[in-house]
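> curious how this folds, go ahead:
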Amino acid sequence: MVGSTFPLAAMSTDVEIEVYPKRPITLVVGFPPGDGADIIARHLAMYMSNDLGQRVIVENRPGAGGNIAAASVARAKADGYTIFVAARPIALHKTLYREVDYDFSRDFTPVGIIVSVPYVLVMGKHVAATTLQEAFAQATRNPGAMTCGSGGIGTTSHLLCEELREKAGLPWVHVPYAGNAAALLDVAGGRVDFAVVSVPAALPFIKADTVRTMAVLGRDKVSVIPSVPGLDKFGIRNIHDQSWCAVVAPTGTPTHAIARLNRSINAALSNAEVRKKIVGLGYVLPSGRNTAEALEVFIDEDTEKWTDILRERQVGQTVP
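Reported below is the predicted structural model:
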(Lines give C-alpha, C1' and ligand atoms only; values in the text may rest on other atoms or scores of the structure.)
Protein backbone atom coordinates (compact mmCIF):
# COMPACT_ATOMS: atom_id res chain seq x y z
CA MET A 1 0.00 0.00 0.00
CA VAL A 2 1.21 3.50 -0.83
CA GLY A 3 2.46 5.25 2.30
CA SER A 4 -0.79 6.75 3.49
CA THR A 5 -0.23 9.28 6.26
CA PHE A 6 -3.55 11.09 6.26
CA PRO A 7 -4.57 10.38 9.87
CA LEU A 8 -1.01 10.22 11.21
CA ALA A 9 0.76 13.23 9.70
CA ALA A 10 2.03 15.82 12.12
CA MET A 11 -0.58 18.41 12.99
CA SER A 12 0.08 21.93 11.74
CA THR A 13 -0.91 25.24 13.23
CA ASP A 14 -3.44 27.51 11.55
CA VAL A 15 -0.62 29.94 10.75
CA GLU A 16 1.37 27.24 8.95
CA ILE A 17 -1.69 26.22 6.98
CA GLU A 18 -2.34 29.81 5.94
CA VAL A 19 1.17 30.44 4.64
CA TYR A 20 1.70 27.25 2.63
CA PRO A 21 3.28 27.48 0.16
CA LYS A 22 5.60 30.32 1.04
CA ARG A 23 8.40 29.47 -1.42
CA PRO A 24 8.82 27.67 -4.77
CA ILE A 25 7.95 23.98 -5.07
CA THR A 26 10.11 21.51 -7.01
CA LEU A 27 8.20 19.03 -9.15
CA VAL A 28 10.60 16.21 -9.98
CA VAL A 29 10.17 14.12 -13.16
CA GLY A 30 12.05 10.85 -13.60
CA PHE A 31 12.13 10.99 -17.38
CA PRO A 32 13.97 13.20 -19.88
CA PRO A 33 12.59 16.37 -21.46
CA GLY A 34 10.09 15.58 -24.21
CA ASP A 35 8.86 12.36 -22.60
CA GLY A 36 5.16 12.00 -21.77
CA ALA A 37 5.56 12.61 -18.03
CA ASP A 38 7.72 15.67 -18.67
CA ILE A 39 5.27 17.22 -21.12
CA ILE A 40 2.32 17.00 -18.76
CA ALA A 41 4.40 18.09 -15.76
CA ARG A 42 5.39 21.33 -17.45
CA HIS A 43 1.83 22.24 -18.36
CA LEU A 44 0.56 21.33 -14.93
CA ALA A 45 3.35 23.29 -13.22
CA MET A 46 2.44 26.45 -15.09
CA TYR A 47 -1.17 26.42 -13.93
CA MET A 48 -0.37 25.24 -10.43
CA SER A 49 2.08 28.13 -10.08
CA ASN A 50 -0.72 30.57 -10.81
CA ASP A 51 -3.08 28.88 -8.37
CA LEU A 52 -0.56 28.49 -5.54
CA GLY A 53 1.03 31.92 -5.88
CA GLN A 54 4.47 30.30 -5.94
CA ARG A 55 6.57 28.90 -8.77
CA VAL A 56 6.36 25.17 -9.38
CA ILE A 57 9.72 24.29 -10.92
CA VAL A 58 10.04 21.12 -13.03
CA GLU A 59 13.30 19.27 -12.50
CA ASN A 60 14.25 16.30 -14.71
CA ARG A 61 16.25 13.47 -13.16
CA PRO A 62 16.05 10.67 -15.76
CA GLY A 63 17.39 7.16 -15.44
CA ALA A 64 16.47 3.61 -14.40
CA GLY A 65 12.84 3.98 -15.48
CA GLY A 66 12.33 6.93 -13.14
CA ASN A 67 13.80 5.23 -10.09
CA ILE A 68 16.76 7.60 -9.72
CA ALA A 69 14.37 10.52 -9.34
CA ALA A 70 12.05 8.55 -7.08
CA ALA A 71 14.87 7.64 -4.72
CA SER A 72 16.00 11.27 -4.49
CA VAL A 73 12.48 12.49 -3.67
CA ALA A 74 12.01 9.70 -1.11
CA ARG A 75 15.01 11.16 0.74
CA ALA A 76 13.80 14.76 0.45
CA LYS A 77 12.41 16.68 3.37
CA ALA A 78 8.70 15.93 3.77
CA ASP A 79 7.57 19.54 3.88
CA GLY A 80 5.51 19.88 0.70
CA TYR A 81 8.24 21.64 -1.26
CA THR A 82 9.56 18.60 -3.15
CA ILE A 83 6.98 16.50 -4.96
CA PHE A 84 7.19 13.87 -7.67
CA VAL A 85 5.41 12.88 -10.89
CA ALA A 86 5.03 9.13 -10.51
CA ALA A 87 4.18 6.73 -13.31
CA ARG A 88 3.55 2.99 -13.33
CA PRO A 89 7.20 1.80 -13.46
CA ILE A 90 7.93 3.57 -10.17
CA ALA A 91 5.31 1.56 -8.32
CA LEU A 92 6.73 -1.66 -9.82
CA HIS A 93 10.32 -1.05 -8.73
CA LYS A 94 10.46 -4.05 -6.38
CA THR A 95 9.72 -6.42 -9.25
CA LEU A 96 11.88 -4.71 -11.86
CA TYR A 97 15.08 -3.82 -10.03
CA ARG A 98 17.46 -5.80 -7.87
CA GLU A 99 18.59 -2.86 -5.80
CA VAL A 100 16.71 0.37 -5.14
CA ASP A 101 17.20 2.44 -2.03
CA TYR A 102 13.57 3.36 -1.48
CA ASP A 103 10.21 1.65 -1.08
CA PHE A 104 7.40 3.27 -3.02
CA SER A 105 4.65 1.94 -0.77
CA ARG A 106 6.47 3.10 2.34
CA ASP A 107 8.20 6.30 1.23
CA PHE A 108 5.49 8.08 -0.77
CA THR A 109 2.02 9.37 -0.06
CA PRO A 110 -0.47 10.13 -2.87
CA VAL A 111 -1.55 13.66 -3.78
CA GLY A 112 -3.64 13.40 -6.95
CA ILE A 113 -3.78 11.79 -10.38
CA ILE A 114 -3.03 14.00 -13.37
CA VAL A 115 -3.83 12.00 -16.52
CA SER A 116 -4.04 8.64 -18.17
CA VAL A 117 -1.64 8.10 -21.07
CA PRO A 118 -2.70 6.21 -24.23
CA TYR A 119 -0.19 4.33 -26.40
CA VAL A 120 0.32 3.96 -30.12
CA LEU A 121 2.34 1.72 -32.43
CA VAL A 122 4.47 3.67 -34.91
CA MET A 123 6.58 2.40 -37.81
CA GLY A 124 9.57 3.87 -39.57
CA LYS A 125 9.18 5.09 -43.12
CA HIS A 126 12.20 3.01 -44.10
CA VAL A 127 10.18 -0.20 -43.63
CA ALA A 128 9.23 -1.60 -47.04
CA ALA A 129 5.54 -2.02 -46.24
CA THR A 130 2.50 0.19 -46.65
CA THR A 131 0.13 -1.56 -44.23
CA LEU A 132 0.48 -3.10 -40.80
CA GLN A 133 -0.45 -6.52 -42.19
CA GLU A 134 2.37 -6.29 -44.74
CA ALA A 135 4.86 -5.20 -42.10
CA PHE A 136 3.89 -8.00 -39.73
CA ALA A 137 4.11 -10.53 -42.54
CA GLN A 138 7.58 -9.23 -43.35
CA ALA A 139 8.63 -9.58 -39.71
CA THR A 140 7.28 -13.13 -39.58
CA ARG A 141 9.20 -14.13 -42.72
CA ASN A 142 12.45 -12.76 -41.27
CA PRO A 143 12.72 -13.80 -37.59
CA GLY A 144 14.87 -11.42 -35.56
CA ALA A 145 15.35 -9.00 -38.44
CA MET A 146 12.85 -6.35 -37.28
CA THR A 147 12.97 -4.34 -34.09
CA CYS A 148 10.50 -2.70 -31.71
CA GLY A 149 11.64 0.15 -29.51
CA SER A 150 10.19 1.14 -26.15
CA GLY A 151 10.71 3.73 -23.44
CA GLY A 152 12.78 1.31 -21.36
CA ILE A 153 12.75 -2.01 -19.54
CA GLY A 154 9.62 -2.40 -17.42
CA THR A 155 7.84 0.63 -18.81
CA THR A 156 4.29 0.32 -20.08
CA SER A 157 5.56 0.70 -23.65
CA HIS A 158 7.94 -2.24 -23.12
CA LEU A 159 5.21 -4.46 -21.71
CA LEU A 160 2.84 -3.59 -24.55
CA CYS A 161 5.59 -4.21 -27.11
CA GLU A 162 6.16 -7.69 -25.63
CA GLU A 163 2.43 -8.40 -25.44
CA LEU A 164 2.01 -7.41 -29.08
CA ARG A 165 4.94 -9.62 -30.06
CA GLU A 166 3.37 -12.60 -28.31
CA LYS A 167 -0.23 -12.17 -29.44
CA ALA A 168 0.64 -11.33 -33.05
CA GLY A 169 3.38 -13.98 -33.24
CA LEU A 170 6.01 -11.42 -34.19
CA PRO A 171 9.65 -12.59 -33.93
CA TRP A 172 10.98 -9.05 -33.57
CA VAL A 173 13.69 -7.87 -31.19
CA HIS A 174 12.89 -5.47 -28.36
CA VAL A 175 15.15 -2.40 -28.12
CA PRO A 176 14.82 -0.42 -24.85
CA TYR A 177 15.56 3.31 -24.78
CA ALA A 178 15.89 5.93 -22.08
CA GLY A 179 12.41 7.31 -22.71
CA ASN A 180 9.88 7.42 -25.54
CA ALA A 181 11.46 10.43 -27.24
CA ALA A 182 14.73 8.56 -27.84
CA ALA A 183 12.87 5.59 -29.31
CA LEU A 184 10.92 7.87 -31.63
CA LEU A 185 14.08 9.57 -32.87
CA ASP A 186 15.48 6.20 -33.92
CA VAL A 187 12.24 5.18 -35.63
CA ALA A 188 12.25 8.46 -37.56
CA GLY A 189 15.96 7.99 -38.32
CA GLY A 190 15.50 4.47 -39.66
CA ARG A 191 17.53 2.79 -36.91
CA VAL A 192 14.61 0.85 -35.42
CA ASP A 193 11.54 -0.42 -37.28
CA PHE A 194 8.68 -0.03 -34.79
CA ALA A 195 8.07 1.54 -31.42
CA VAL A 196 5.26 1.39 -28.89
CA VAL A 197 5.20 4.86 -27.36
CA SER A 198 2.88 7.24 -25.59
CA VAL A 199 0.62 9.34 -27.80
CA PRO A 200 1.84 12.64 -26.24
CA ALA A 201 5.46 11.78 -27.02
CA ALA A 202 4.60 10.57 -30.52
CA LEU A 203 2.34 13.47 -31.48
CA PRO A 204 5.09 15.89 -32.65
CA PHE A 205 6.54 13.14 -34.86
CA ILE A 206 3.08 12.28 -36.17
CA LYS A 207 2.34 15.92 -37.00
CA ALA A 208 5.73 16.30 -38.69
CA ASP A 209 5.00 13.12 -40.71
CA THR A 210 8.35 11.57 -39.79
CA VAL A 211 6.83 8.25 -38.65
CA ARG A 212 3.89 6.13 -39.76
CA THR A 213 1.11 5.85 -37.18
CA MET A 214 -0.18 2.30 -37.38
CA ALA A 215 -2.53 1.51 -34.48
CA VAL A 216 -3.74 2.64 -31.07
CA LEU A 217 -3.23 0.17 -28.22
CA GLY A 218 -6.52 0.79 -26.47
CA ARG A 219 -10.23 0.15 -26.52
CA ASP A 220 -11.09 3.60 -27.78
CA LYS A 221 -9.74 5.89 -30.46
CA VAL A 222 -7.67 8.84 -29.31
CA SER A 223 -9.23 12.21 -30.09
CA VAL A 224 -6.03 13.82 -31.43
CA ILE A 225 -5.47 10.97 -33.92
CA PRO A 226 -9.06 9.92 -34.70
CA SER A 227 -8.23 8.21 -37.99
CA VAL A 228 -5.81 5.76 -36.37
CA PRO A 229 -7.56 2.42 -35.73
CA GLY A 230 -7.21 0.16 -32.73
CA LEU A 231 -5.36 -3.14 -32.95
CA ASP A 232 -8.71 -4.94 -32.85
CA LYS A 233 -9.19 -3.94 -36.49
CA PHE A 234 -6.19 -6.10 -37.37
CA GLY A 235 -7.45 -9.11 -35.44
CA ILE A 236 -5.13 -8.52 -32.47
CA ARG A 237 -7.41 -8.38 -29.47
CA ASN A 238 -7.18 -7.64 -25.77
CA ILE A 239 -4.06 -5.48 -25.84
CA HIS A 240 -5.63 -2.60 -24.00
CA ASP A 241 -3.90 -0.40 -21.50
CA GLN A 242 -3.05 3.14 -20.63
CA SER A 243 -0.37 4.33 -18.29
CA TRP A 244 -0.87 7.09 -15.74
CA CYS A 245 0.86 10.09 -14.24
CA ALA A 246 0.16 11.20 -10.69
CA VAL A 247 1.67 13.53 -8.13
CA VAL A 248 3.00 11.97 -4.94
CA ALA A 249 4.99 13.39 -2.04
CA PRO A 250 7.42 12.00 0.54
CA THR A 251 5.64 10.18 3.34
CA GLY A 252 5.20 12.48 6.30
CA THR A 253 4.31 15.53 4.20
CA PRO A 254 1.81 17.56 6.28
CA THR A 255 -1.83 16.90 5.54
CA HIS A 256 -2.52 20.57 4.87
CA ALA A 257 0.17 20.59 2.16
CA ILE A 258 -1.25 17.43 0.57
CA ALA A 259 -4.75 18.94 0.62
CA ARG A 260 -3.57 22.24 -0.85
CA LEU A 261 -1.62 20.54 -3.63
CA ASN A 262 -4.58 18.29 -4.42
CA ARG A 263 -6.87 21.32 -4.68
CA SER A 264 -4.37 23.00 -7.00
CA ILE A 265 -4.18 19.96 -9.28
CA ASN A 266 -7.97 19.76 -9.44
CA ALA A 267 -8.27 23.50 -10.05
CA ALA A 268 -5.90 23.19 -13.00
CA LEU A 269 -7.70 20.14 -14.41
CA SER A 270 -11.08 21.89 -14.05
CA ASN A 271 -9.98 24.86 -16.13
CA ALA A 272 -11.51 24.67 -19.63
CA GLU A 273 -8.36 26.00 -21.25
CA VAL A 274 -6.20 23.48 -19.40
CA ARG A 275 -8.50 20.59 -20.27
CA LYS A 276 -8.47 21.53 -23.95
CA LYS A 277 -4.69 21.81 -23.90
CA ILE A 278 -4.17 18.47 -22.13
CA VAL A 279 -6.53 16.58 -24.44
CA GLY A 280 -4.88 18.29 -27.41
CA LEU A 281 -1.54 16.91 -26.26
CA GLY A 282 -2.90 13.37 -26.44
CA TYR A 283 -3.69 12.67 -22.79
CA VAL A 284 -6.91 11.37 -21.24
CA LEU A 285 -8.32 13.38 -18.35
CA PRO A 286 -9.19 11.60 -15.08
CA SER A 287 -12.79 10.76 -14.32
CA GLY A 288 -14.43 10.52 -10.93
CA ARG A 289 -13.29 12.12 -7.68
CA ASN A 290 -9.62 13.02 -7.79
CA THR A 291 -8.67 12.69 -4.12
CA ALA A 292 -5.49 11.48 -2.49
CA GLU A 293 -7.43 8.60 -0.97
CA ALA A 294 -8.84 7.53 -4.35
CA LEU A 295 -5.36 7.67 -5.87
CA GLU A 296 -4.02 5.42 -3.13
CA VAL A 297 -6.63 2.75 -3.91
CA PHE A 298 -5.99 3.04 -7.66
CA ILE A 299 -2.20 2.68 -7.33
CA ASP A 300 -2.55 -0.32 -5.03
CA GLU A 301 -4.85 -2.11 -7.50
CA ASP A 302 -2.77 -1.18 -10.57
CA THR A 303 0.46 -2.29 -8.89
CA GLU A 304 -1.00 -5.66 -7.96
CA LYS A 305 -2.26 -6.22 -11.51
CA TRP A 306 1.02 -5.32 -13.22
CA THR A 307 3.20 -7.13 -10.71
CA ASP A 308 1.35 -10.31 -11.66
CA ILE A 309 1.84 -9.54 -15.38
CA LEU A 310 5.58 -8.97 -14.90
CA ARG A 311 5.98 -12.22 -13.02
CA GLU A 312 4.02 -14.17 -15.65
CA ARG A 313 6.25 -12.76 -18.39
CA GLN A 314 9.40 -13.13 -16.29
CA VAL A 315 10.20 -9.45 -16.69
CA GLY A 316 12.00 -8.11 -13.70
CA GLN A 317 15.14 -7.90 -11.61
CA THR A 318 16.81 -6.58 -14.75
CA VAL A 319 18.92 -3.77 -13.37
CA PRO A 320 21.77 -4.57 -10.95
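> where along the chain do the helices fall?
14-19, 36-52, 67-74, 88-91, 93-96, 104-107, 132-141, 156-168, 180-188, 199-207, 255-270, 272-280, 292-312 (DSSP state H).
> got the buried residues for the third one?
Within helix 67-74, the residues that qualify as buried are 67, 69, 70, 71, 72, 73, 74, counting by 16 or more other Cβ atoms under 10 Å. Placement of C-beta: from N, CA and C, glycine included.
> same list (these) but as TSV, adding distance to residue 39.
Below are those laid out as TSV (distance: Cβ to Cβ, whole Å):
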residue	distance to residue 39
67	20
69	16
70	19
71	23
72	21
73	19
74	24
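> and the pLDDT for residue 320?
Confidence at residue 320, expressed as pLDDT, is 37.
> buried stuff in stretch 20-36?
Of the residues in stretch 20-36, those buried (16+ other Cβ under 10 Å) are 20-21, 25-32, 34-36.
> now for those residues: which two are most distant?
Farthest pair in the buried residues of stretch 20-36 (Cβ to Cβ) is 20 and 34. Separation: 31.7 Å.
> please identify the most buried of the helices of the chain.
Most buried of these, by mean neighbour count (mean count of other Cβ atoms under 10 Å): helix 88-91, with a mean of 26.
> who does it touch, helix- and strand-wise?
If you count contacts as 3 or more Cβ pairs under 8 Å, 6 or more residues apart in numbering; DSSP states H and E, helix 88-91 packs onto helix 67-74, helix 104-107, helix 292-312.
> recalculate using a threshold of 7 Å.
helix 292-312 (3 or more Cβ pairs under 7 Å, 6 or more residues apart in numbering; DSSP states H and E).
> elements contacting the helix it packs on?
Helix 292-312 packs on helix 88-91, helix 93-96, strand 108-117, going by 3+ Cβ pairs under 7 Å, 6+ apart.
> for the first one, the distance to its chain's centre please.
Relative to its parent chain, helix 88-91 has a centroid offset of 8 Å by Cα atoms, centre = their mean, to the nearest Å.
> who's in contact with that helix?
The contact list for helix 88-91 (Cβ atoms under 7 Å, 6 or more residues apart in numbering) reads 30, 65-67, 70, 96, 104, 154-156, 243-244, 299, 302-303, 306.
> going by distance to residue 237, which of these wins?
residue 156 (18.5 Å).
> distance to residue 234 for the helices of the chain - can I get that in a markdown table?
Below are the helices of the chain laid out as a markdown table (distance: least, Cβ to Cβ, whole Å):
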| stretch | distance to residue 234 |
| --- | --- |
| helix 14-19 | 55 |
| helix 36-52 | 24 |
| helix 67-74 | 34 |
| helix 88-91 | 25 |
| helix 93-96 | 30 |
| helix 104-107 | 36 |
| helix 132-141 | 6 |
| helix 156-168 | 8 |
| helix 180-188 | 19 |
| helix 199-207 | 18 |
| helix 255-270 | 34 |
| helix 272-280 | 26 |
| helix 292-312 | 22 |
